[in-house]
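Novice: the amino acid sequence is not available; the structure is as follows:
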Ligand SMILES: [Zn+2]
Ligand SMILES: [Zn+2]
Ligand SMILES: [Zn+2]
């Protein structure tokens with residue numbers, strides 16, 4: 001819902017916007033930019049994508065990967081328009097099959113073959129294979145699909161180099177665990193303290209970090225139930241709450257996962 005949450009006057013929502021509050025409590029909808037060499041790959045374009053791109057000075061995007069079709073992850077797709085008008089070719093989008101279908105339905109004027117809106121985003125939507133570890137090779141890096149459970153749905157997390165981005169999850173299926181070994185950076189959902197039907201709690205996410213044993217973990221997708229400073233203070237030192245504008249450095253060089261089929265030279 002973003003923080004401040006509309007209509008709410010709780011301490012965290014108030015702190016998010018007051019001059020003497022904590023700016024880390026101001027949470028736009030979740031998205032990450034992965035930058036290396038001259039390449040910019042975005043994961044999810046939520047309803048705040050336009051403001052986020054301006055805030056971070058993003059002048060070009062080379063590819064977009066989607067996690068799932070919920071509004072907080074896809075509604076900013078249309079804001080890619082001015083970034084998609086420059087050659088060469090269409091801006092590639094990648095999504096699993098249900099997510100691609102949702103994006104095509106929401107933005108039908110962009111994807112219809114007849115009577116297409118003339119200045120629609122120049123994008124091509126690629127469907128990811130549903131297999132765990134299915135790869136999108138991009139500019140020398142490799143993004144692997146990591147299936148995660150989000151309530152009754154299985155959605156897509158991504159492993160890239162020594163980092164993984166797992167937003168919106170209630171659990172991680174056993175088949176995905178081999179894709180999450182040897183991580184330097186793990187970013188994962190921790191919505192709030194109280195149980196939720198489709199999201200992980202703070203305690204559950206701490207347990208997931210203990211199990212996956214990354215060098216560093218960052219929680220994301222927190223609701224207004226979580227105060228940044230008070231929560232950070234009780235977390236182990238290798239787990240921190242992420243915040244808008246946080247920048248992390250890690251190795252994007254492709255890792256060999258145990259699920260990867262042996263390739264011939
Ligand atoms: Zn609130
Ligand atoms: Zn969701
Ligand atoms: Zn979400």
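Specialist: That came through fine. Quantities reported herein were computed from a predicted structural model and do not represent experimental measurements. Numbering: from 1, shown residues only. Ligands and ions are numbered 1, 2, ... in the order given.
Novice: quick one: strands adjacent to the helix or strand encompassing residue 126?
Specialist: According to DSSP states H and E, residue 126 maps onto strand 123-127. Partners of strand 123-127 in the sheet, by DSSP bridges, are strand 91-95 (parallel).
Novice: neighbours of the residue lying closest to residue 26 once chain neighbours are set aside, how many?
Specialist: Using C-beta to C-beta, 6 or more residues apart in numbering and skipping residues adjacent in sequence, the residue nearest residue 26 is residue 16, 4.1 Å away. To be clear about C-beta, it is placed using only N, CA and C from the backbone, and glycine gets the same treatment. Counted with other C-beta atoms under 10 Å, residues neighbouring residue 16 total 23.
Novice: give me phi/psi at residue 16?
Specialist: phi -60, psi -30 (degrees, to the nearest 10).
Novice: look up how far ligand 3 lies from it.
Specialist: Look at residue 16 and ligand 3: by C-beta to the ion, to the nearest Å, they are 18 Å apart.
Novice: from residue 196, how far off is that residue?
Specialist: Per C-beta to C-beta, to the nearest Å, residue 16 is found 20 Å from residue 196.
Novice: please apply the same query to residue 107.
Specialist: 28 Å.
Novice: please apply the same query to residue 123.
Specialist: Distance from residue 123 to residue 196, counting by C-beta to C-beta: 32 Å.
Novice: those two: which is more packed in?
Specialist: Per other C-beta under 10 Å, whichever of residue 123 and residue 196 has more neighbours is residue 123, with 21 against 16.
Novice: go ahead and confirm the more buried one touches residue 80.
Specialist: Yes: the criterion here is C-beta atoms under 8 Å, and residue 123 meets it with residue 80 at 6.5 Å.
Novice: are there residues contacting both of those two? Which ones?
Specialist: 64, 91 (C-beta atoms under 8 Å, 6 or more residues apart in numbering).
Novice: for residue 205, pull up the helix or strand it's in.
Specialist: Using DSSP H and E, residue 205 falls within helix 202-212.
Novice: how far off helix 202-212 does the helix or strand just after that helix point, in degrees?
Specialist: For helix 202-212, the following helix or strand on the C-terminal side (DSSP H and E) is strand 216-220. Interaxial angle, strand 216-220 versus helix 202-212 (axes from the mean of the first three to the mean of the last three C-alpha atoms, to 10 degrees): 150 degrees.
Novice: show me what strand 216-220 is packed against.
Specialist: Packing contacts for strand 216-220, counted by 3 or more C-beta pairs under 8 Å, 6 or more residues apart in numbering; DSSP states H and E, involve strand 185-189, helix 202-212, strand 239-241.
Novice: ok, residues contacting the second one?
Specialist: Residues outside helix 202-212 that contact it (C-beta under 8 Å, 6+ apart) are 172, 177, 180-181, 183, 186, 188-190, 192-193, 200, 217, 219, 226, 231, 235-236, 238-239.
Novice: what's the closest non-adjacent residue to the residue of the stretch 101-250 of the chain found nearest ligand 2?
Specialist: The nearest approach of the stretch 101-250 of the chain to ligand 2 comes at residue 168, 3.9 Å away (C-beta to the ion). With C-beta to C-beta, 6+ apart as the criterion, residue 168 has its nearest non-adjacent residue at 4.8 Å, and that residue is residue 150.
Novice: same check on residue 154?
Specialist: Once flanking residues are discounted, residue 154 sits nearest to residue 147: 5.1 Å by C-beta to C-beta, 6+ apart.
Novice: quick one on the thing from earlier: I'd assumed residue 25 was in contact with the residue nearest to residue 26.
Specialist: Yes: contact criterion C-beta under 8 Å: residue 16 and residue 25 qualify, at 4.1 Å.
Novice: anything in contact with each of these two?
Specialist: Counting by C-beta under 8 Å, 6+ apart, the residues touching both residue 16 and residue 25 are 3, 224.
Novice: buried residues in stretch 32-51?
Specialist: Neighbour-count burial for stretch 32-51 flags 32, 34, 36, 39-49 (criterion: 16 or more other C-beta atoms under 10 Å).
Novice: can you give me the strands in the stretch 1-150 of the chain?
Specialist: 32-36, 39-43, 63-65, 91-95, 123-127, 135-138, 141-150 (DSSP state E, counting those that start in this stretch).
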